[in-house]
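> Pasting the sequence and the predicted model now:
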Amino acid sequence: REQAWRDMAKQVAHEIKNPLTPMRLSVQSYQRKANREAQTTEDTNEFCESLIQQIDILSNISTAFSALTNMPAKNDEELNFVAVIKRTLDIFNDNTIQFNYSQPEIIAVFDKDQLGRVVTNLVKNAIQATENESAPQIEVTLTKDEQYITLKVTDNGIGIAEADHHKIFEPKFTTKTSGSGLGLAMVKNIILSYNGSISFTSELGKGSEFVVQIPVFQRTN
């Protein structure tokens, strides 16, 4: 029982920490820009909406922890994946991240916070994988066909050793010197709960690509 509580505490801490890092970077960038020029109403609203989205995630996680659960209950709604992912990526304020999408609106039923959580974890991993690259490249691609919505996150970072491939989605497994190793395990759980799949290809020293596929029409668990 004690170990179970420790695992839950690590998971909650990991989920809370994920949004805070890009929030801090965004606030710092906003502060520098505000010192140089007056902000327009549109700029201010976009900035606030991005922060509110991340704050809502923290609020839901706290509520879930109080109820002795390790993940918030789903709040499924019809949403535009493109808009949600754009807002999530804006928080990182990183010019090396390129977002490409097949159409301006890709609509499906999903939990907005959990979609943000999936994107945040995958992109954060890509940023950490490329932090020592002289010319880092991170590409986020979103497409939709008759069967699937496909999200790809590709980087030119350090890659994943082949010996570690089978462990990459295991809870507590991490190749980083810090972190709980829960991020990809949680991403996988979210995607599986929508009857989707997640896979990856990687080559040591050349980079990695994570591919998420979500059925356009699915019964959620």
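Yep, it's here. Numbering: from 1, shown residues only.
> All the strands of the protein, residue numbers only.
If DSSP state E is used as the criterion, the strands of the chain fall at 76-80, 97-101, 107-111, 138-144, 148-155, 197-203, 207-215.
> Tabulate these (TSV), appending distance to Leu184.
In this view, the C-beta of every residue, glycine as well, is placed from N, C-alpha and C. Formatted as TSV, these follow (distance: least, CB to CB, whole Å):
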stretch	distance to Leu184
strand 76-80	23
strand 97-101	18
strand 107-111	18
strand 138-144	16
strand 148-155	11
strand 197-203	8
strand 207-215	8
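> out of those strands, which comes closest to Met23?
Proximity to Met23 (CB to CB) singles out strand 97-101 among those, at 16.1 Å.
> which residues are contacting the closest one?
Strand 97-101 is contacted from outside by 82, 85-86, 89, 123, 127, 137-143, using CB atoms under 8 Å, 6 or more residues apart in numbering.
> Between which two of those is the distance greatest?
Largest separation among these by CB to CB: Ile127 and Thr143, giving 22.4 Å.
> Skipping adjacent residues, who's closest to Ser208 in space?
Distances taken as CB to CB, 6 or more residues apart in numbering put Ser202 closest to Ser208, at 3.8 Å, once the chain neighbours are dropped.
> rewinding a little: so can I have JSON lines of the strands of the chain showing mean neighbour count and distance to Ser29?
Output for those, formatted as JSON lines (neighbours: other CB atoms under 10 Å; distance: least, CB to CB, whole Å):
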{"stretch": "strand 76-80", "mean neighbour count": "12", "distance to Ser29": "25"}
{"stretch": "strand 97-101", "mean neighbour count": "15", "distance to Ser29": "14"}
{"stretch": "strand 107-111", "mean neighbour count": "19", "distance to Ser29": "28"}
{"stretch": "strand 138-144", "mean neighbour count": "19", "distance to Ser29": "17"}
{"stretch": "strand 148-155", "mean neighbour count": "21", "distance to Ser29": "22"}
{"stretch": "strand 197-203", "mean neighbour count": "15", "distance to Ser29": "30"}
{"stretch": "strand 207-215", "mean neighbour count": "20", "distance to Ser29": "26"}
